[in-house]
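[1] sequence and predicted structure below; questions after.
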Amino acid sequence: MSSLRDIAAVMTLTGNSGVAVAESFGMSYGIDLWDDIGITEEWLRTMVESGVAQAQHALAICIGLGAIQPRHADEARDLASESAAQDFPPALLLSFGFAFDDLERGLISAEQALEPLERAVALGYPKALYKLSFWLSHGDRFPGDLPRAAILLQAAADAGEPESMTRLGTALLDSQHPVQVHAGLKYLQSAAGQGWESALSKLADCYGHGCPGLDANYALAREFDARLKLVTAPYRRLLDTDD
């Protein structure tokens, strides 16, 4: 039986995948505490056998990352598909990741690859709104649609999705128009309030050096820099090894 504390360490090093698993169960504190409340691989598999979409999604990520051995990519894909079939939005995003791999190998069309992402968008899932906005504005793999991409980005930001708030906030801040700078600042502050690293970094930089339409404020710069260090501290601890 695998330790989910070990799984947490693996996922922390792979970006926000750990957040995705924690989100499966509505957990705001992350999977580093799963062992403390009795969530194990064995428990997850029991829930999977009962058809629980959240468990299917969580186990798919754990297996896909190799945090649970042996690593079986096909099992991870099947679990993601089973969860997505129940319209669990995070699983639809995971299924899109598998579909994207198939697209890259020429196994499916762009339209087929986008199908799970479009389903998540139809459910109003903020992360899906942002993802589709991104791909529609980068027309190298999917047909570009800049007007729809802009609408989706705005919708995702208004729904509180931190990456979209950071991107939109940065664009508005760079516009130098006073009204847009004010709106951009609100988006960035909201993303920073969720501990979003790039938003904290942008605000620390702008207040430290000044941005067009925004005067320097060293006290705020120090505040956002301190919060950025708190957010990134767990990553630094995992990456620091003794020789």
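    Yep, that arrived.
[2] C-alpha coordinates for the one helix or strand residue 99 maps to, CSV please?
    For residue 99, the host element (DSSP states H and E) is helix 89-104. Extracted C-alpha coordinates of helix 89-104, given in CSV (Å, rounded to 0.1, in the frame of the first residue of the first chain):
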residue,chain,number,x,y,z
PRO,A,89,-15.0,18.5,-14.7
PRO,A,90,-11.4,17.9,-13.4
ALA,A,91,-11.5,14.4,-15.1
LEU,A,92,-12.7,16.0,-18.3
LEU,A,93,-9.6,18.2,-18.2
LEU,A,94,-7.5,15.1,-17.6
SER,A,95,-9.1,13.3,-20.5
PHE,A,96,-8.3,16.3,-22.7
GLY,A,97,-4.7,15.8,-21.7
PHE,A,98,-4.8,12.2,-22.9
ALA,A,99,-6.7,13.3,-26.1
PHE,A,100,-4.0,16.0,-26.7
ASP,A,101,-1.4,13.3,-26.7
ASP,A,102,-3.4,11.3,-29.2
LEU,A,103,-3.7,14.4,-31.4
GLU,A,104,0.1,14.9,-31.3
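[3] in that helix, what's buried?
    For helix 89-104, burial by neighbour count (16 or more other CB atoms under 10 Å) applies to 89, 90, 91, 92, 93, 94, 95, 96, 98, 99, 100, 103. C-beta: built from backbone N, CA, C; applies to glycine.
[4] and for the spatially closest residue to the last one that is not a sequence neighbour, the neighbour number?
    In this case it means residue 103. Leaving aside its sequence neighbours, residue 103 sits nearest to residue 113 (CB to CB, 6 or more residues apart in numbering; 4.1 Å). By the measure other CB atoms under 10 Å, the count of residues near residue 113 is 23.
[5] mind listing what's buried along the helix or strand containing residue 113?
    Element membership for residue 113 (DSSP H and E) is helix 110-122. Neighbour counts over helix 110-122 (16+ other CB under 10 Å) mark 113, 114, 116, 117, 119, 120, 121 as buried.
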